[in-house]
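Asks: Pasted the sequence and its predicted model underneath.
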Amino acid sequence: MKTSIAALSFLILAAQAALEHKLPDLRYEHSILQGGFHRPTDCCVTYTSRNIRCVFMKDYVETSSACSRPAVIFVTKGGQRVCANPNDERVRKCMLDLEQDSMMKDLRELLLEKGYLERAS
(Lines give C-alpha, C1' and ligand atoms only; values in the text may rest on other atoms or scores of the structure.)
Protein backbone atom coordinates (compact mmCIF):
# COMPACT_ATOMS: atom_id res chain seq x y z
CA MET A 1 0.00 0.00 0.00
CA LYS A 2 2.80 2.43 0.94
CA THR A 3 4.58 1.62 -2.32
CA SER A 4 1.51 2.43 -4.44
CA ILE A 5 0.98 5.78 -2.65
CA ALA A 6 4.62 6.69 -3.20
CA ALA A 7 4.42 5.67 -6.87
CA LEU A 8 1.22 7.67 -7.38
CA SER A 9 2.78 10.72 -5.73
CA PHE A 10 5.83 10.40 -7.97
CA LEU A 11 3.68 10.12 -11.10
CA ILE A 12 1.66 13.21 -10.17
CA LEU A 13 4.83 15.23 -9.55
CA ALA A 14 6.38 14.03 -12.81
CA ALA A 15 3.26 14.91 -14.79
CA GLN A 16 3.12 18.37 -13.20
CA ALA A 17 6.81 18.99 -13.94
CA ALA A 18 6.34 17.92 -17.57
CA LEU A 19 3.32 20.18 -17.95
CA GLU A 20 5.12 23.16 -16.43
CA HIS A 21 8.12 22.56 -18.69
CA LYS A 22 6.02 22.49 -21.86
CA LEU A 23 3.47 25.18 -20.97
CA PRO A 24 5.02 27.64 -18.47
CA ASP A 25 3.02 30.70 -19.61
CA LEU A 26 -0.26 28.79 -19.78
CA ARG A 27 0.30 27.43 -16.29
CA TYR A 28 0.87 30.93 -14.93
CA GLU A 29 -2.06 32.50 -16.72
CA HIS A 30 -4.37 29.68 -15.69
CA SER A 31 -3.50 29.86 -12.02
CA ILE A 32 -3.50 33.64 -11.73
CA LEU A 33 -5.52 35.15 -14.51
CA GLN A 34 -8.22 32.53 -14.26
CA GLY A 35 -8.53 32.82 -10.48
CA GLY A 36 -6.69 29.64 -9.52
CA PHE A 37 -4.85 28.77 -6.34
CA HIS A 38 -2.33 31.08 -4.64
CA ARG A 39 1.40 30.41 -4.86
CA PRO A 40 4.30 32.52 -3.53
CA THR A 41 5.35 33.20 -7.15
CA ASP A 42 2.02 35.02 -7.58
CA CYS A 43 3.23 37.79 -5.25
CA CYS A 44 5.65 40.66 -5.85
CA VAL A 45 8.60 41.39 -3.59
CA THR A 46 9.52 44.62 -5.40
CA TYR A 47 7.95 46.87 -8.02
CA THR A 48 9.53 47.68 -11.36
CA SER A 49 11.50 50.92 -11.38
CA ARG A 50 10.65 51.47 -15.05
CA ASN A 51 7.64 53.36 -16.30
CA ILE A 52 4.81 51.07 -17.36
CA ARG A 53 4.29 51.32 -21.12
CA CYS A 54 0.78 50.03 -21.60
CA VAL A 55 1.23 49.52 -25.33
CA PHE A 56 3.40 46.47 -24.51
CA MET A 57 0.91 44.92 -22.06
CA LYS A 58 -1.78 42.38 -22.93
CA ASP A 59 -3.32 41.72 -19.52
CA TYR A 60 -2.91 42.20 -15.79
CA VAL A 61 -3.95 40.75 -12.47
CA GLU A 62 -3.96 42.21 -8.99
CA THR A 63 -2.17 40.08 -6.41
CA SER A 64 -4.20 38.42 -3.69
CA SER A 65 -4.54 39.66 -0.13
CA ALA A 66 -2.38 36.69 0.93
CA CYS A 67 0.67 38.53 -0.47
CA SER A 68 2.75 40.68 1.87
CA ARG A 69 2.44 43.75 -0.37
CA PRO A 70 -0.26 44.74 -2.83
CA ALA A 71 0.80 44.72 -6.47
CA VAL A 72 -0.37 44.55 -10.05
CA ILE A 73 1.25 41.92 -12.26
CA PHE A 74 1.17 42.96 -15.90
CA VAL A 75 1.65 40.31 -18.58
CA THR A 76 3.47 41.70 -21.61
CA LYS A 77 2.64 40.72 -25.17
CA GLY A 78 5.88 38.74 -25.06
CA GLY A 79 4.69 36.75 -22.04
CA GLN A 80 6.87 38.37 -19.38
CA ARG A 81 5.44 39.35 -16.00
CA VAL A 82 6.06 42.81 -14.55
CA CYS A 83 5.26 43.78 -10.96
CA ALA A 84 3.97 47.31 -10.49
CA ASN A 85 2.76 49.54 -7.68
CA PRO A 86 -1.07 49.69 -7.71
CA ASN A 87 -0.93 53.20 -6.22
CA ASP A 88 1.02 54.57 -9.20
CA GLU A 89 -1.15 56.75 -11.45
CA ARG A 90 0.33 55.29 -14.67
CA VAL A 91 -0.35 51.77 -13.42
CA ARG A 92 -4.00 52.60 -12.67
CA LYS A 93 -4.38 54.25 -16.09
CA CYS A 94 -2.94 51.21 -17.84
CA MET A 95 -5.27 48.91 -15.89
CA LEU A 96 -8.22 51.05 -16.99
CA ASP A 97 -7.04 51.09 -20.61
CA LEU A 98 -6.68 47.29 -20.66
CA GLU A 99 -10.16 46.90 -19.16
CA GLN A 100 -11.65 49.21 -21.79
CA ASP A 101 -9.82 47.38 -24.60
CA SER A 102 -11.16 44.09 -23.30
CA MET A 103 -14.73 45.42 -23.12
CA MET A 104 -14.50 46.83 -26.65
CA LYS A 105 -13.19 43.50 -27.96
CA ASP A 106 -16.02 41.64 -26.21
CA LEU A 107 -18.60 44.07 -27.60
CA ARG A 108 -17.20 43.74 -31.12
CA GLU A 109 -17.32 39.93 -30.89
CA LEU A 110 -20.91 40.07 -29.65
CA LEU A 111 -21.95 42.40 -32.48
CA LEU A 112 -20.24 40.14 -35.02
CA GLU A 113 -21.96 37.10 -33.54
CA LYS A 114 -25.37 38.76 -33.70
CA GLY A 115 -24.78 39.90 -37.29
CA TYR A 116 -24.77 43.63 -36.60
CA LEU A 117 -21.22 43.92 -37.93
CA GLU A 118 -19.40 42.21 -40.80
CA ARG A 119 -15.90 40.85 -40.48
CA ALA A 120 -13.22 42.85 -42.25
CA SER A 121 -11.77 40.93 -45.19
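Replies: All right, it came through fine.
Asks: Give me the neighbour count for Ile73.
Replies: Neighbour count for Ile73, taken as other CB atoms under 10 Å: 19. From N, CA and C alone the C-beta is placed, and that goes for glycine too.
Asks: Residue numbering should commence at 566 henceforth.
Replies: Understood, numbering begins at 566; the last thing we discussed is Ile638.
Asks: Any buried residues in the strand or helix carrying it, and which?
Replies: Assigned by DSSP states H and E, Ile638 belongs to strand 637-641. In terms of neighbour count (16 or more other CB atoms under 10 Å), strand 637-641 has its buried residues at 637-640.
Asks: can you check stretch 626-639 too?
Replies: Result for stretch 626-639 [16+ other CB under 10 Å]: buried residues 626, 628, 636-639.
Asks: Quick one: mean pLDDT over that stretch.
Replies: Averaging pLDDT along stretch 626-639 gives 93.
Asks: gap between the two ends of it?
Replies: 7 Å (CA to CA, to the nearest Å).
Asks: Could I get the buried residue list for stretch 638-654?
Replies: 638-640, 646-651.
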